[in-house]
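>>> dropping the sequence and predicted coords here.
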Amino acid sequence: LINSRGFPSKGADAVLRSVRRLRDRSKPLVLSVSGFTPEELVACHATLEPLAEATEVNISSPNTAALHALQDPDAFAELVARINGHRTKPLFVKLPFYSDPQGQERVLGLARIARQRGVDGITASNASLVGAPMLAAGRGGLSGRAVFQDTLRIVTEVRSEVGDRMAINGCGGIFTAEDAFRVLEAGADTIQVLTALVYEGPGVAATINRGLLRLL
């Protein structure tokens, strides 16, 4: 799947109302938040954290150019410090996809800062930016099966960087229980799916869970 949607949204207040209306307290909820500026991101996190058991801060959408500035080490460290100033629940950070040594050094450096600043977990990782002439933007984020091997590699490398002190949420190309099992073997503690929901529907979560019970 290739998309160039960025962050279409009615904003944090609209999400807050929806979550309050639909919230099922019998199930844990993790909310992913972002923004076009550090101020927006911090405010979004503060607004939505009270309704969640944990939050994920996304600094890595390949379709959102404004986020690139937050991948600067100093800017990222400052952002985490600001969120740490008010948060009371576990925090994940969704890091960028990478495929070359320069990208590896940059992303693992962010993971190291996250560990030093007390972040609880890393989501590894996001979509890969590719050319897409069929889209109006001319490029988009590639997700799904095409990035699965990269997911295994990135999870392994992030685990090696952060050690056992942080949780890793594996994300990218997971469709089956076998996929999930391989990502867990690579070092993840949890998994995240999106493209599988598009192709398989919401029942894919239960299918993966049942399959994992058999495999484990």
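All right, it came through fine. No experiment lies behind these values; they were computed from the predicted model shown.

>>> name the residues of stretch 91-111 that come out as buried.
Using 16 or more other Cβ atoms under 10 Å as the test for burial, stretch 91-111 gives 91-98, 104, 106-108, 110-111. Quick note: C-beta positions are derived from backbone N, CA and C, even for glycine.

>>> please apply the same query to stretch 193-202.
For stretch 193-202, by 16+ other Cβ under 10 Å, it's 193, 195, 196.

>>> what's the local residue count around residue 17?
11 (other Cβ atoms under 10 Å).

>>> cool, residue 42 as well?
Neighbour number of residue 42 under other Cβ under 10 Å is 19.

>>> can you give me the helices for this protein?
Taking DSSP state H as the test, the helices found in the chain are 12-22, 38-48, 73-84, 101-116, 148-162, 177-186, 195-200, 204-215.

>>> quick check: which of these is nearest to residue 1?
With distances scored as Cβ to Cβ, the stretch of the helices of the chain nearest to residue 1 is helix 195-200 (4.8 Å).

>>> the closest one packs against which elements?
Applying 3 or more Cβ pairs under 8 Å, 6 or more residues apart in numbering; DSSP states H and E, one finds that helix 195-200 contacts helix 204-215.

>>> CA atoms of the helix it packs on as CSV?
Presented in CSV, the C-alpha positions along helix 204-215 are these (Å, rounded to 0.1, in the frame of the first residue of the first chain):
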residue,chain,number,x,y,z
VAL,A,204,-7.3,-9.8,11.6
ALA,A,205,-6.4,-8.9,15.2
ALA,A,206,-8.3,-11.8,16.6
THR,A,207,-6.9,-14.1,13.9
ILE,A,208,-3.3,-13.1,14.8
ASN,A,209,-3.9,-13.6,18.5
ARG,A,210,-5.4,-17.0,18.1
GLY,A,211,-2.5,-18.0,15.8
LEU,A,212,0.0,-16.8,18.4
LEU,A,213,-1.6,-18.9,21.1
ARG,A,214,-1.0,-21.9,18.9
LEU,A,215,2.5,-21.0,18.1
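
>>> can you pull the contacts of the nearest residue to residue 117 once chain neighbours are set aside?
Leaving aside its sequence neighbours, residue 117 sits nearest to residue 80 (Cβ to Cβ, 6 or more residues apart in numbering; 4.4 Å). Residue 80 makes contact with 91, 93, 113, 114, 117, 118, 119, according to Cβ atoms under 8 Å, 6 or more residues apart in numbering.

>>> go with 7 Å
When contacts are counted by Cβ atoms under 7 Å, 6 or more residues apart in numbering, residue 80 touches 114, 117, 119.

>>> wouldn't the last one be in contact with residue 90 here?
No: taking contacts as Cβ atoms under 7 Å, residue 119 lies outside contact range of residue 90: 8.9 Å.
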